[in-house]
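Q: Sequence first, predicted model second:
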Amino acid sequence: MVATWPKKHFAQEVITEIKAHAIGARHFFPDCTTVVDIGGQDSKVIALNEEGRVVNFQMNDKCAAGTGRFLEIMAATLGFRLEEFGPAALESETEVAINNMCTVFAESEVISMKNQGVQPRDIARGVHLSVVGRLVGMLNRVGCGRQVVFSGGVARNPCMVHLLQERLDDVQVVTPPAPDIVGAINAAIHAGRND
């Protein structure tokens with residue numbers, strides 16, 4: 001026997017990840033017009049108008065470069081647990097350039113630097129700087145308001161928040177509570193509004 005469920009138990013509308021993060025950012029920070037979301041598999045920069053509607057966005061979804069997975073692999077390569085990686089990078093004041101954003105090539109570059117005696121925390125800072133540089137490029141292409149909401153699991157990394165704030169001078173970088181589930185929370189908010 002096949003169970004039949006009333007239609008009301010199933011989604012009647014699809015909400016994109018982009019829209020979910022836009023709604024979430026505006027829920028926590030009502031005046032924001034820019035959202036940066038870095039999760040495990042992709043990075044997004046989303047521009048919103050004054051009413052909170054998405055007007056432009058850019059995604060890094062072709063490879064792991066600039067994502068949480070990239071940072072996770074680099075942390076393991078350097079011998080850090082993921083939760084140690086950001087704080088270790090913050091301890092360094094040395095700017096080591098990571099020239100490759102491809103995860104495979106960057107990992108080889110990191111191993112080579114480590115074998116040459118470069119301090120792991122200095123390499124860690126270089127890895128973070130390379131990701132932030134990529135983000136700033138995306139922000140420049142999409143447009144950046146005076147306040148950037150940083151969501152996604154990578155927003156829990158203190159070095160990423162610090163370096164992004166440092167590179168964006170006159171822009172305020174803010175993180176919502178539980179930044180790694182902002183999209184999910186706000187898909188639920190959207191569903192509640194339409195129920």
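A: Cool, got the structure. Numbering: from 1, shown residues only.

Q: all strands for the protein, in order.
A: 34-38, 43-48, 54-60, 147-151, 172-174 (DSSP state E).

Q: closest one to Glu109 among these?
A: Nearest to Glu109 among the strands of the chain is strand 54-60 (19.0 Å), distances taken as CB to CB. For the C-beta atoms, the positions are set from N, CA and C on the backbone; glycine is no exception.

Q: Show me what counts as buried in the closest one.
A: 54, 57, 60 (16 or more other CB atoms under 10 Å).

Q: and what of stretch 133-141?
A: Neighbour-count burial for stretch 133-141, counted by 16+ other CB under 10 Å, picks out 134-136, 138-139.

Q: Reformat those into a markdown table and put pLDDT and distance to Val154 next to each item.
A: Listed next are these as a markdown table, based on pLDDT from 0 to 100; distance: CB to CB, whole Å:
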| residue | pLDDT | distance to Val154 |
| --- | --- | --- |
| Arg134 | 88 | 12 |
| Leu135 | 91 | 10 |
| Val136 | 92 | 15 |
| Met138 | 92 | 14 |
| Leu139 | 94 | 15 |
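
Q: Output the below-cut-off pLDDT ranges for this protein.
A: For the chain, the stretches flagged by pLDDT under 70 are 1-12, 61-64, 190, 194-195.

Q: Could you single out the nearest of the buried residues of stretch 133-141 to Gly152?
A: Once CB to CB is applied, the member of those that ends up nearest Gly152 is Leu135, at 11.2 Å.

Q: residues touching that closest one, list them.
A: 36, 38, 43, 45, 66, 164 (CB atoms under 8 Å, 6 or more residues apart in numbering).

Q: hmm, 10 Å instead?
A: 36, 38, 43-45, 60, 66, 148, 150, 154, 160, 163-164, 167-168 (CB atoms under 10 Å, 6 or more residues apart in numbering).

Q: swap in Thr33?
A: Thr33 neighbours (CB under 10 Å, 6+ apart): 22, 25-26, 46-52, 55, 143-149.

Q: Skipping adjacent residues, who's closest to the most centrally placed residue in the chain in space?
A: The centre of the chain sits closest to Ile38, judged by CA atoms, centre = their mean, with a distance of 1.7 Å. Among residues not flanking Ile38 along the chain, Val154 sits closest, at 3.8 Å (CB to CB, 6 or more residues apart in numbering).

Q: Is the one you found in contact with Lys44, as I believe?
A: No: Val154 is beyond contact range of Lys44, at 11.3 Å (criterion: CB atoms under 10 Å).

Q: can you list residues touching both of those two?
A: Joint contacts of Val154 and Lys44 (CB under 10 Å, 6+ apart) are 36-38, 135.

Q: coming back round to it: of all the buried residues of stretch 133-141, which comes closest to Ala191?
A: Met138 (28.8 Å).

Q: if we can go back for a sec, state the number of residues packed around the residue nearest to Ile38.
A: Close neighbours of Val154, defined as other CB atoms under 10 Å, add up to 29.
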